[in-house]
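> My questions are about this predicted structure, shown below with the sequence.
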Amino acid sequence: MLVSSILVLLCGSPSNAVFGAPQQATAAAKSSQRSSSDVAHDALPGQKGPAEVGLTVSQFEAELKERGFQVAEGYFQLWTIQDCPQSFDVMGTCYFNNPAAPYVMAAVPYWPDEYIDPATQGAFGATDPGYGTTFRFDPNEAIVIFGYLPPKAAYFGMQSYLFSREGHYQTDNDTFRFINSLRAAPVFFHQVLHNQDRVASFDSLSNSNNNVVIERQSGGSFNQFRYFIITPDWFMNWEVRQVLHELGVEGKDVFTERIPANVNVGLDANADDFVSGIRYSMPEDGGGDGTPSDEWRHNPTLTLLRIRDPRPPQWSPERYPAWTGQSPERRTAVDEWPLQPDLNHLVREISAAWGQPCALDDCSDQGAASFIDTQSYPFNLVGPLCDNIGMDCLGDTQDASYQFRGGYGFNNGEVYAVVGTLGTATGNATYVSLGVQDFRLRLGAVNVDGTKLLGSVDSAWYPGVDNLDKFYVYYFTRQCDGLENLTHGFCLSVQDDPLEIPAGDLASFVQRDYIRVGTRRGPDSKLVLPPTVLKFQRPTP
């Protein structure tokens, strides 16, 4: 009987009543015959949510407290580029964020007996007193997030990270040596700025619950009412699911993020520190001021509860498997390497158009340089591989591939052409982000999304190059005006601004390919052809 009950709770309930529907009492919820999609439209996406959702929160809290659990409610806050200065003061980094996807961070209420490290307070902006975006995990707790997901977009993902740990990073390994050879070791290996006894990280702890994962399990994602449990303990997951089940929630609408056994949970000063956040990218409504997606980002229609069992354990804790180098979900990709000769040909044609023809096939004589795949050996920017050596993974996720090249200035009339394969054309991405980062601040400053890369190569401009429909070229300089004949309008003016690329700072370029078509994750980065960056001087009048 116990086994069958557990299977129902973990795999799904036969009931089609949904927790969160309009109701006056739990009994009414259990007898409801409304479908999940019907309920989702009771609240308008982007609004705070109807009164019924508030009643549901009260009922959920009452059920939990009746079972002896402590319950405290948190909130969410948006982290944007404008919050970079405070984060930099606190942590010495702005996390190389994707400017197309500002972080929606969970601000959790602290437990009375929880150690609060002043060195990480304000890491993602100031929070209300008694709350923080960095926190420790009680071994017998769960964070539960539920409500209406945002309006439709290219991507939504929820994920938790190891943020700091007692100890020091390791230098006797191939990854450190390789990154150090790039003069980037301080970016990826560092102690917490104001607590040198702890190593700073931003390392993934699981595969994320993204919109594809949510849709495949539950039948829908955007604008739908869904539930997320974040916990280090299998029994807490079971208890929370049991309460949700009794309130009429179908198991298919519940998603658990399993905090793995290789982290140090506990509320004392020596325990690990964590963060949890949401990425939400390229909404269909454009995301401008006042749009439903913009309102959702600033005021998500989600409730966050922190729950724990304060009583002496009635069972031994049941931890989840460790997060190891073999744990991330296996990724696939369309092999783009057969396009390398065409990429080289395109690079040569672009150089010739600028009056700087190449002598070598790959244009290395003209300073052409390939991007670096950060997720493969020896860089290994993958949560468990970073964690093993005390490396800062900078908010990694397996939902995208990351390629970058750095060390570029904008102080002397430079014009940079980034030439690469377009993942949405090769089948390796549902959306592409090409960004410019400030290397000093570790800040994702500006971004060009894949829709703006379409049409940037044409046989009339680059004759004789095969497979042009699979490529893009985009230009970056201080002032695009006057370069239209060479850039064909595919150019971004990078501003001399403290939160962009101020004079004297060096920039890096990064390409992100999100969610390979037909899969739940980003493409296998080893099969993604690295872009090439070319450096030109602005032509004299």
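Received it, and whenever you're ready, just let me know what you need.
> Excluding residues flanking it in the chain, which one is nearest residue 126?
Leaving aside its sequence neighbours, residue 126 sits nearest to residue 86 (C-beta to C-beta, 6 or more residues apart in numbering; 7.1 Å). C-beta here means a position set from N, CA and C on the backbone, and glycine is covered the same way.
> Pull the number of nearby residues for residue 174.
Using other C-beta atoms under 10 Å, residue 174 has 12 neighbouring residues.
> which residues touch it?
377-378 (C-beta atoms under 8 Å, 6 or more residues apart in numbering).
> Distance of it relative to residue 409?
29 Å (C-beta to C-beta, to the nearest Å).
> tell me how far stretch 500-513 is from the chain's mean position?
What separates the centre of stretch 500-513 from the centre of its chain is 19 Å, taken as C-alpha atoms, centre = their mean, to the nearest Å.
> ok, and for that stretch, which residues are buried?
Judged by neighbour count (16 or more other C-beta atoms under 10 Å), stretch 500-513 contains these buried residues: 500-501, 505, 507-513.
> got it, and stretch 230-244?
Quick answer for stretch 230-244 (16+ other C-beta under 10 Å): 230-244.
> Contacts made by it with the rest, please.
Counting by C-beta under 8 Å, 6+ apart, 6, 9-10, 19, 60, 63-64, 67, 69, 137, 139-145, 160, 227, 229, 251, 254, 256-261, 263, 265, 276, 307-309, 315, 317-320 sit against stretch 230-244.
> what pLDDT, on average, does that stretch get?
Summarised as a single mean, pLDDT over stretch 230-244 is 96.
> Only alpha carbons, please: show it as PDB.
Output in PDB follows, covering the C-alpha atoms of stretch 230-244 (Å, rounded to 0.1, in the frame of the first residue of the first chain):
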ATOM      1  CA  ILE A 230      13.600  22.400  -4.300                       C
ATOM      2  CA  THR A 231      15.000  20.100  -1.600                       C
ATOM      3  CA  PRO A 232      18.000  18.000  -0.500                       C
ATOM      4  CA  ASP A 233      15.700  15.300   1.100                       C
ATOM      5  CA  TRP A 234      13.700  12.700  -0.600                       C
ATOM      6  CA  PHE A 235      11.300  12.500   2.300                       C
ATOM      7  CA  MET A 236      10.600  16.200   2.300                       C
ATOM      8  CA  ASN A 237       9.800  15.900  -1.400                       C
ATOM      9  CA  TRP A 238       7.400  13.100  -0.600                       C
ATOM     10  CA  GLU A 239       5.700  15.000   2.200                       C
ATOM     11  CA  VAL A 240       5.100  18.100   0.100                       C
ATOM     12  CA  ARG A 241       3.800  16.100  -2.800                       C
ATOM     13  CA  GLN A 242       1.400  14.300  -0.400                       C
ATOM     14  CA  VAL A 243       0.000  17.700   0.700                       C
ATOM     15  CA  LEU A 244      -0.300  18.900  -2.900                       C
END
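> quick one, helices of this protein?
Assigned by DSSP state H, the chain shows helices spanning 2-11, 26-31, 36-40, 51-66, 84-91, 174-181, 185-188, 211-218, 234-246, 292-298, 340-353, 383-389, 423-426, 484-487.
> Tell me where the longest strand sits in the protein.
In the chain, assigned by DSSP state E, the strand with the most residues is strand 153-166.
> Neighbouring strands - and their directions - for that strand?
Strand 153-166 pairs in its sheet with strand 195-204 (antiparallel), strand 209-210 (antiparallel), strand 273-283 (antiparallel), by DSSP bridges.
> Buried among the contacts of stretch 230-244? Need that as a selection in PyMOL.
Restricted to buried positions by 16+ other C-beta under 10 Å, the PyMOL selection for the contacts of stretch 230-244 reads:
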select buried, resi 9+19+60+63+64+69+137+139+140+141+142+143+144+145+160+227+229+251+254+256+257+258+259+260+263+265+276+307+308+309+319+320
